[in-house]
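have a look; sequence and predicted model below, questions after that.
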Amino acid sequence: MKEEIWKEAREKIGSVNLDTYHNLAVIYKGIKLTKDDVYGVRIYSTDNDFYTDITDTFIVGDFQTSVDEYLKLKYISKLELIERLIKNEINTNKNHKRFNYLKTMRKNYLKKYNEINTRQTKRR
């Protein structure tokens, strides 16, 4: 299963191959897949400075479906965080610049989330 996802990721348009002498790697939409002789295929999230191993939770089906499901969960958690920040901003600080910034962030994440959902709906 991991080998199939590895092949799909390497062939995916828009993915970036990062090959070295010791291992092979590919990054696509914030997800890094590495392959070496010791660990095989591993999948990491590049959300922060310390990559998080998501190999066990990532694989849902084929590569694109797994990426879509991962991104949907990521966008939902970001939207929930933004909603909490907006509530806090309205109730305590009342900083209009920060409020407008948070609204713009919410709009961008909603747009990304909706793109994934419409793409999945068209595929079915």
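Here it is on my side, so go on. Numbering: from 1, shown residues only.

contacts for stretch 20-37 next, please.
Applying C-beta atoms under 8 Å, 6 or more residues apart in numbering, the set of residues contacting stretch 20-37 from outside is 5-6, 9-10, 12, 14-19, 41-47, 51, 54, 58, 67, 70-71, 74. Where you see a C-beta, it was placed from the backbone N, CA and C, and this is true even at glycine.

got the buried residues for stretch 12-31?
By neighbour count, with 16 or more other C-beta atoms under 10 Å as the criterion, the buried positions of stretch 12-31 are Ser15, Ala25, Val26, Ile27, Tyr28, Ile31.

would you reformat those as a markdown table and include distance to Asp62 and secondary structure?
Compiled in a markdown table, the buried residues of stretch 12-31 are given as follows (distance: C-beta to C-beta, whole Å; DSSP: H, G, I helix; E, B strand; the rest coil):
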| residue | distance to Asp62 | secondary structure |
| --- | --- | --- |
| Ser15 | 14 | coil |
| Ala25 | 20 | strand |
| Val26 | 15 | strand |
| Ile27 | 18 | strand |
| Tyr28 | 13 | strand |
| Ile31 | 14 | strand |
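
narrow the contacts of stretch 20-37 to those that are buried.
Buried by 16+ other C-beta under 10 Å: 5-6, 9-10, 15, 41-45, 54, 58, 67, 70-71, 74, out of those.

in helices only, show me the residues you listed.
Using DSSP state H, the members of those that fall within helices are Ile5, Trp6, Ala9, Arg10, Phe58, Val67, Tyr70, Leu71, Lys74.

using CSV, lay out those together with pLDDT and distance to Ile82.
CSV is the format used below for these (pLDDT from 0 to 100; distance: C-beta to C-beta, whole Å):
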residue, pLDDT, distance to Ile82
Ile5, 91, 31
Trp6, 90, 34
Ala9, 92, 29
Arg10, 91, 34
Phe58, 84, 24
Val67, 91, 22
Tyr70, 91, 19
Leu71, 92, 16
Lys74, 93, 13
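
farthest-apart pair in those, please.
The largest separation in those, counting by C-beta to C-beta, is between Arg10 and Lys74 at 22.5 Å.
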